[in-house]
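J.: pasted the sequence and its predicted model underneath.
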Amino acid sequence: MTTALITGSTAGIGAAFARRLAADGHDLVLVARDTKRLTDQATELHDRHGIEAEVLTADLSTEAGIEAVAARLGDRRSPVDLLINNAGFGNKGRFLEVPMADELTMLKVHVEAVLRLTSAATAAMRERGRGGVVNVASVAAFVPRGTYGASKAWVVQFTQGAARDLAGSGVRLMALCPGFVRTEFHQRAGMGTDNIPNWMWLDADKLVAAALADLARGKTLSIPDPRYKALMGLVKVTPRGLLGGVTSKTGRKYGPQ
Ligand SMILES: NC(=O)c1ccc[n+]([C@@H]2O[C@H](COP(=O)([O-])OP(=O)(O)OC[C@H]3O[C@@H](n4cnc5c(N)ncnc54)[C@H](OP(=O)(O)O)[C@@H]3O)[C@@H](O)[C@H]2O)c1
């Protein structure tokens, strides 16, 4: 029996990881801020799949929250075999419209927490000679898109660099880059989604299945859908000025669009 720790497990992509990993027989450590929601999720996954699901309430924008999750990942008596660094959020508005405190909170959750949790997990995994980490980035990593895109670009670069440094240790790391997925993300950020065409939306369960298949294949970067693979191919050959004009608007306006 292996154990997976998922941050941001209670909604969207994290909940899809929790469903899939529980169905595959993994025990889980579920991390988010809302204890009631975590406990309900743990009970449901235990009852449905017979796995053990532990609840760890933590706010990854705080020192105490990061410390608590890092300590759990470093607990040698109760090893974590797979870490899914998934917790994240969007801020409404463009640069200078977003309060500085919110920009810094984003960097704490998307960058500092990912760095410290990956480090805590992989140090313990390397001793055992096995383990895996999936860091959830975004296709926004590849286009000019404010602090959000910049933080996700860091996730991609960091993860692929760490994967290279740990090659041969038995520890795998992969950055996962989803396109638009219907979750609570856009509503929580107050972002309208009316201008996002239907074909751009991905299903969270299919995304997770493709991501886990890519991890098993040893990929360090996963862009799980042919539509987005093609789009990211186009992005590589499009002048950045032109790209910025398109990507700075999509899904970033206040309220319905
Ligand atoms: N949806 C998309 O279109 C999309 C596309 C590309 C990438 N992504 C990335 O995918 C990841 C998951 O997003 P999602 O769309 O599934 O979002 P979501 O539906 O809003 O779920 C976010 C999850 O993260 C938790 N969370 C948020 N802030 C947290 C904090 N400070 N500490 C601990 N947990 C926190 C939330 O629970 P609590 O509120 O209870 O803490 C919730 O479980 C994010 O990293 C996001 O950037 C999303």
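T.: It's in. Numbering: from 1, shown residues only.

J.: so what does the longest helix seen in the chain touch, helix or strand wise?
T.: As assigned by DSSP state H, the longest helix anywhere in the chain is helix 146-165. Contacts defined by 3 or more C-beta pairs under 8 Å, 6 or more residues apart in numbering; DSSP states H and E place helix 146-165 against helix 100-107, helix 113-128, strand 131-136, strand 171-176, strand 221-222. Using the backbone N, CA and C atoms, a C-beta is placed for each residue, glycine as well.

J.: what helices and strands are in contact with the shortest one?
T.: This means strand 221-222. helix 146-165, strand 171-176, helix 204-216.

J.: got the angle between the second one and helix 146-165?
T.: Strand 171-176 runs at 150 degrees relative to helix 146-165, counting by axes from the mean of the first three to the mean of the last three C-alpha atoms, to 10 degrees.

J.: look up how far Met100 lies from Asn86.
T.: Here the criterion is C-beta to C-beta, to the nearest Å. By it, Asn86 lies 25 Å from Met100.

J.: the two: which is more packed in?
T.: Asn86 (25 against 8; other C-beta atoms under 10 Å).

J.: from what I see, that one and Ala137 are in contact.
T.: No - judged on C-beta atoms under 8 Å, Asn86 makes no contact with Ala137 at a distance of 10.3 Å.

J.: pLDDT averaged over stretch 36-46 - what is it?
T.: Averaged across stretch 36-46, the pLDDT comes to 98.

J.: burial count for Ala64?
T.: Ala64: 9 neighbours (other C-beta under 10 Å).

J.: quick one, what contacts the closest residue to Gly90 other than its chain neighbours?
T.: Leaving aside its sequence neighbours, Gly90 sits nearest to Ala189 (C-beta to C-beta, 6 or more residues apart in numbering; 3.7 Å). Contacts for Ala189 (C-beta atoms under 8 Å, 6 or more residues apart in numbering) come out as Phe89, Gly90, Asn91, Lys92.

J.: among those residues, which one sits closest to the ligand?
T.: Closest approach to the ligand among the contacts of Ala189 (C-beta to the nearest ligand atom): Phe89, at 5.1 Å.

J.: so what pLDDT did the closest one get?
T.: Looking at Phe89, the pLDDT reads 98.

J.: I'd guessed it sits against Leu107; true?
T.: No - using C-beta under 8 Å, Phe89 is not in contact with Leu107, being 11.9 Å away.

J.: tell me which of the helices and strands packed on strand 221-222 sits most buried.
T.: Across the helices and strands packed on strand 221-222, averaging neighbours per residue (mean count of other C-beta atoms under 10 Å) puts strand 171-176 on top, at a mean of 26.

J.: do that strand and the ligand meet at all?
T.: No - Strand 171-176 lies out of reach of the ligand by C-beta under 6 Å from any ligand atom, never closer than 8.1 Å.

J.: could you point out the helix or strand that follows that strand?
T.: helix 185-188 (DSSP states H and E).

J.: show me how far that next one is from its chain's centre.
T.: With C-alpha atoms, centre = their mean, to the nearest Å as the basis, helix 185-188 stands 15 Å off its chain's centre.

J.: determine whether any part of it lies close to the ligand.
T.: Yes - interface with the ligand: helix 185-188 contributes Phe185, Arg188 (C-beta under 6 Å from any ligand atom).

J.: tell me the residues of the stretch 1-150 of the chain that contact the ligand?
T.: 7-14, 32-34, 37, 58-61, 86-89, 109, 136, 138.

J.: what sits up against stretch 37-53?
T.: 9-10, 15, 18-19, 22-23, 25-32, 54-57.

J.: show only the entries of those found in helices.
T.: Ala15, Ala18, Arg19, Ala22, Ala23.

J.: of these, which is the most crowded?
T.: For the ones in helices among the contacts of stretch 37-53, neighbours tallied by other C-beta under 10 Å; top is Ala18, 27 neighbours.
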